[in-house]
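S.K.: structure, please.
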Amino acid sequence: MGTVERNSAIPDADDLVSGFNTAGKQEIASATDRSRRLIKALLAPHEPALRDTGLNAAHLADFIQSAMAGPKHSARNRKQLAERLATLKTLVLVLAVVDRT
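M.R.: Presented below is the predicted three-dimensional model:
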């Protein structure tokens, strides 16, 4: 049994994922912000190309971080989680090379 399956089997798994108390929720918010900043930094060199598509690094980083958070709550198993994250990765890569002319 993998981590995703094991964590899903815990009776209070939602509390663990969403932060049981104020301190947990604050730490999750802090980790989310760090993740968003890291993604933005990774996208920053591509800012000119993103602007050509009507996006910017900050907005795309926010979307990616948000989209990454969803699958961990709803994936039935590790395989489904990996498939969803691979799809997100592909969509972002396709977006990066779309010719908008």
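S.K.: please count neighbours and contacts with C-alpha atoms only from this point.
M.R.: OK.
S.K.: now stretch 36-53: buried residues?
M.R.: Arg36, Arg37, Ile39, Lys40, Leu43, Glu47, Ala49, Leu50, Thr53 (16 or more other C-alpha atoms under 10 Å).
S.K.: wait, stretch 76-92
M.R.: For stretch 76-92, by 16+ other C-alpha under 10 Å, it's Asn77, Leu81, Arg84, Leu85.
S.K.: quick check: next helix or strand after the longest helix along the chain?
M.R.: Identified as the longest helix of the chain according to DSSP state H is helix 22-43. Going down the chain from helix 22-43, the next helix or strand is helix 47-52, by DSSP states H and E.
S.K.: packing partners of the helix or strand hosting Lys72?
M.R.: Using DSSP H and E, Lys72 sits in helix 57-74. Applying 3 or more C-alpha pairs under 8 Å, 6 or more residues apart in numbering; DSSP states H and E, we find helix 57-74 packed against helix 22-43, helix 78-97.
S.K.: tabulate these (CSV), appending mean pLDDT and distance to Ile64.
M.R.: Converted to CSV, the helices and strands packed on helix 57-74 look like this (pLDDT from 0 to 100; distance: least, C-alpha to C-alpha, whole Å):
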stretch, mean pLDDT, distance to Ile64
helix 22-43, 87, 8
helix 78-97, 83, 8
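S.K.: name the nearest residue to the residue nearest the centre of the chain, ignoring sequence neighbours.
M.R.: By C-alpha atoms, centre = their mean, the chain has its centre lying nearest to Met68, at 2.1 Å. Ranked by C-alpha to C-alpha, 6 or more residues apart in numbering and with sequence neighbours excluded, the top spatial neighbour of Met68 is Leu85, at 6.9 Å.
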